[in-house]
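>>> Quick one: sequence and predicted model below, then my questions.
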Amino acid sequence: MLTGSQMRMARGYLRWSVKELAEASGVSGTTIKRMEESDGVPKSIADNLIAIQRAFEAAGLEFIPENGGGAGVRVRTRRDGTREEH
């Protein structure tokens, strides 16, 4: 599940404001700000987390789960090995 720090990283990579993420996801800016302040997975309605993750994925990002090196975000790689452009 998406963490607050992953949300901040993804928004920073895309150079999206909270308002832009709110428009892309349909989740209020106030809720996004609160979620981004969370350590770990934010306490929120699951539908909000899913909507935010889908908005980021539609923009070409993918999320890396905690695997001992920390959760993260990266640009999705196409099948031909190139990265998606933004």
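Received it, and whenever you're ready, just let me know what you need. Since we're looking at a predicted model, the values are computed, not measured. Numbering: from 1, shown residues only.
>>> Which stretches in this structure count as strands?
61-64, 72-75 (DSSP state E).
>>> Give me the distance between residue 17 and residue 46.
Using Cβ to Cβ, to the nearest Å, residue 17 is found at 24 Å from residue 46. Any C-beta I mention is one placed from the backbone N, CA and C, and that applies to glycine too.
>>> So which of these two has more stuff around it?
residue 17 (12 against 8; other Cβ atoms under 10 Å).
>>> Quick one: mean pLDDT for stretch 63-72?
Per-residue pLDDT over stretch 63-72 has a mean of 74.
>>> Can you pull the poorly scored residue ranges out of the chain?
68-69, 77-86 (pLDDT under 70).
>>> if you count residues, which helix in it comes out on top?
For the chain, the longest helix by residue count, based on DSSP state H, is helix 46-58.
>>> tell me what that one is packed against?
In terms of contacts (3 or more Cβ pairs under 8 Å, 6 or more residues apart in numbering; DSSP states H and E), helix 46-58 is packed against helix 4-14, helix 18-25, helix 29-36.
>>> Return the most buried member of the ones you listed.
Greatest average neighbour count among the helices and strands packed on helix 46-58 goes to helix 4-14 (a mean of 19), per mean count of other Cβ atoms under 10 Å.
>>> hang on, the earlier thing: can you add distance to residue 50 and give the helices and strands packed on helix 46-58 back as a markdown table?
As requested, the helices and strands packed on helix 46-58 are arranged in a markdown table below (distance: least, Cβ to Cβ, whole Å):
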| stretch | distance to residue 50 |
| --- | --- |
| helix 4-14 | 13 |
| helix 18-25 | 9 |
| helix 29-36 | 12 |
